[in-house]
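*Asks:* What would the 3D arrangement of this be:
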Amino acid sequence: MMKSIVFLTVSLSLFMASCRSTFTPEVESLLSEMHQKVDPGKKLKTLMSQEVRGNFRRSSADRGATMTIRAARPDKIRTDIVIPGDVSIVRAFDGEKAWEYTTKSGYRALEGHELSKLRFHAMTMLDLRLPDKLSSSIKIDGEGVVMGVNCIRLVCTPPRDMGDRPFTLFIDKDTLLLKKRVEDHGSPESGFFTMSTVFDDYRDFDGILMPCTMISQVHDQMMEFDVTSVSWNENFHHSTFAPPEKLK
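*Replies:* A predicted model of the protein is given here:
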């Protein structure tokens with residue numbers, strides 16, 4: 001279950017981003033068109049916080065489960081999953097400390113690779129996760145087909161401080177929207193695994209296009225997040241992200 005919350009938080013946060021590099025003219029042209037498609041009014045730079053709510057499931061056992069993701073600039077994030085039957089999972093970063101709570105295991109501090117990943121998601125959640133926002137280099141690597149859709153394949157290398165494992169994005173040739181992402185997760189200590197996420201059902205939220213269906217797969221495990229609402233510039237109290245006293 002813990003992997004599920006990480007997968008889906010990463011999937012959304014990896015759609016949504018903040019580092020800028022210099023790319024070839026061909027790549028720059030494609031990125032410019034993609035930005036115009038998802039944020040034509042350039043509203044993202046005015047946003048200070050975001051709340052995304054939706055339904056979460058891995059199987060029929062998760063029927064009625066919900067997930068809420070809250071993020072605030074410059075680097076705060078919190079994800080809550082609630083499953084009927086009094087099961088709760090929380091994962092958060094308050095700008096300094098990262099922590100987790102599960103009904104089964106209680107509280108624990110997140111450190112090392114887990115902390116770095118959560119910090120990166122916190123820093124990038126509020127900017128649409130377009131390739132240039134999370135890559136130090138991007139290469140156009142031919143084409144591919146995703147669910148019958150012809151796509152441009154991009155091979156991206158993340159910033160050095162986020163690891164050196166490239167990931168692949170598939171961009172719909174007609175809409176120029178992100179259709180699929182394939183990436184490695186894990187750590188040198190625990191080992192790596194490949195996750196693929198399909199993004200679908202894009203909708204307009206106050207002038208910004210976002211996918212409302214995200215389906216992630218790792219091995220034979222499937223996870224789906226269906227967005228039901230998105231709100232911007234929420235006034236979150238600092239305690240929303242802060243760790244409990246026992247972890248301070």
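*Asks:* Run through the protein and note the low-pLDDT ranges.
*Replies:* In the predicted model, the chain carries pLDDT under 70 at residues 1-22, 59-61, 128-134, 160-164, 186-189, 248.
*Asks:* Swap in 50 and give it another go.
*Replies:* By pLDDT under 50, the weakly predicted segments of the chain are 4, 14, 17-20.
*Asks:* where exactly do the helices run in it?
*Replies:* In the chain, the segments counted as helices under DSSP state H are 2-13, 25-38, 112-124.
*Asks:* in the second one, what's buried?
*Replies:* Residues of helix 25-38 classed as buried by neighbour count (16 or more other Cβ atoms under 10 Å): 27, 30-31, 34-35, 37-38. All C-beta spots, glycine's among them, are computed from the backbone N, C-alpha and C.
*Asks:* Let me have those residues in a markdown table, extended by distance to Val198.
*Replies:* As requested, the buried residues of helix 25-38 are exported to a markdown table (distance: Cβ to Cβ, whole Å):
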| residue | distance to Val198 |
| --- | --- |
| Val27 | 23 |
| Leu30 | 20 |
| Leu31 | 21 |
| Met34 | 17 |
| His35 | 22 |
| Lys37 | 18 |
| Val38 | 17 |
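*Asks:* From these, pick the one nearest Thr175.
*Replies:* Closest approach between those and Thr175, by Cβ to Cβ: Lys37, at 7.0 Å.
*Asks:* Show me how far stretch 200-208 is from its chain's centre.
*Replies:* Its chain's C-alpha centre and that of stretch 200-208 lie 16 Å apart, by Cα atoms, centre = their mean, to the nearest Å.
*Asks:* May I have that stretch as PDB, with CA atoms only?
*Replies:* Output of stretch 200-208 as PDB, limited to C-alpha atoms (Å, rounded to 0.1, in the frame of the first residue of the first chain):
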ATOM      1  CA  ASP A 200      -6.000  10.800 -19.900                       C
ATOM      2  CA  ASP A 201      -9.200  12.800 -19.800                       C
ATOM      3  CA  TYR A 202      -7.700  16.300 -19.800                       C
ATOM      4  CA  ARG A 203      -9.900  19.100 -18.500                       C
ATOM      5  CA  ASP A 204      -9.700  22.800 -18.100                       C
ATOM      6  CA  PHE A 205      -9.400  24.100 -14.500                       C
ATOM      7  CA  ASP A 206      -9.500  27.900 -14.600                       C
ATOM      8  CA  GLY A 207      -7.500  28.000 -17.900                       C
ATOM      9  CA  ILE A 208      -5.100  25.200 -17.100                       C
END
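*Asks:* As a check, name the ranges of all strands in the protein.
*Replies:* With DSSP state E as the criterion, the chain has strands at 49-57, 66-72, 76-83, 87-93, 98-102, 106-110, 137-146, 149-157, 167-172, 178-187, 191-205, 208-218, 221-232.
*Asks:* among the ones you listed, which is nearest Glu245?
*Replies:* Across the strands of the chain, closest to Glu245 is strand 106-110 (Cβ to Cβ), at 9.9 Å.
*Asks:* other SSEs contacting that closest one?
*Replies:* strand 98-102 (3 or more Cβ pairs under 8 Å, 6 or more residues apart in numbering; DSSP states H and E).
*Asks:* Which neighbours in the sheet does the strand it packs on have, and how are they oriented?
*Replies:* Looking at strand 98-102 with DSSP bridges, its partner strands are strand 87-93 (antiparallel), strand 106-110 (antiparallel).
*Asks:* In this structure Val90 contacts Ala98, no?
*Replies:* No: applying Cβ atoms under 8 Å, one finds Val90 not in contact with Ala98, separated by 11.3 Å.
*Asks:* more crowded one of these two?
*Replies:* Ala98 (25 against 18; other Cβ atoms under 10 Å).
*Asks:* That's all I had, so thanks and see you.
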